[in-house]
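Novice: below is the structure, and that's it, no one-letter string:
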């Protein structure tokens, strides 16, 4: 039985959230599956930070060749 765990991360932008996830999980980008749950939303008059970007990251396993 395979279990697939995933963790959610937020950031000011989706790219920032991805970088944060990779740094925290200590894995290269090629080893994870990234699902964007919501993009960041700008505030009034285009100001950043009204709503952060949210992603879900799953570490891919079993893609090794023998």
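Specialist: Great, that's in hand. Predicted model only: the values in this text are computed from it and were never measured.
Novice: straight-line length of stretch 22-35, end to end?
Specialist: Start-to-end span of stretch 22-35 (CA to CA, to the nearest Å) is 13 Å.
Novice: which of the residues in it are buried?
Specialist: Residues of stretch 22-35 classed as buried under the neighbour-count rule (16 or more other CB atoms under 10 Å) are 22, 32, 34. No exception for glycine: its C-beta is placed from N, CA and C like everyone else's.
Novice: residue 57 is in contact with the last one, correct?
Specialist: This points to residue 34. Yes: with contacts counted by CB atoms under 8 Å, residue 34 reaches residue 57, the gap being 5.7 Å.
Novice: find residues that contact each of those two.
Specialist: Taking CB atoms under 8 Å, 6 or more residues apart in numbering as the criterion, residue 34 and residue 57 both touch 18, 21.
Novice: give me the contact list for stretch 31-47.
Specialist: With CB under 8 Å, 6+ apart, stretch 31-47 has contacts from 6, 8, 11-14, 18, 21-22, 25, 48-60.
Novice: just say helix, strand or coil for residue 37.
Specialist: Under DSSP: H, G, I helix; E, B strand; the rest coil, the three-state class of residue 37 is strand.
Novice: now do the strands in this structure.
Specialist: 6-11, 32-38, 53-59 (DSSP state E).
Novice: which of those strands is buried the deepest?
Specialist: Ranked by mean neighbour count, the strands of the chain are led by strand 53-59 with a mean of 18 (mean count of other CB atoms under 10 Å).
Novice: given that one, what are its sheet partners and their directions?
Specialist: strand 6-11 (antiparallel), strand 32-38 (antiparallel) (DSSP bridges).
Novice: next, format those strands as CSV and append distance to residue 44 and mean pLDDT.
Specialist: Output for these, formatted as CSV (distance: least, CB to CB, whole Å; pLDDT from 0 to 100):
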stretch, distance to residue 44, mean pLDDT
strand 6-11, 20, 95
strand 32-38, 19, 96
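Novice: wait, what's in contact with the residue nearest to residue 57 when sequence neighbours are not counted?
Specialist: In space, and not counting its chain neighbours, residue 57 is closest to residue 21: 4.5 Å by CB to CB, 6 or more residues apart in numbering. Residue 21 makes contact with 7, 9, 32, 34, 55, 57 under the criterion CB under 8 Å, 6+ apart.
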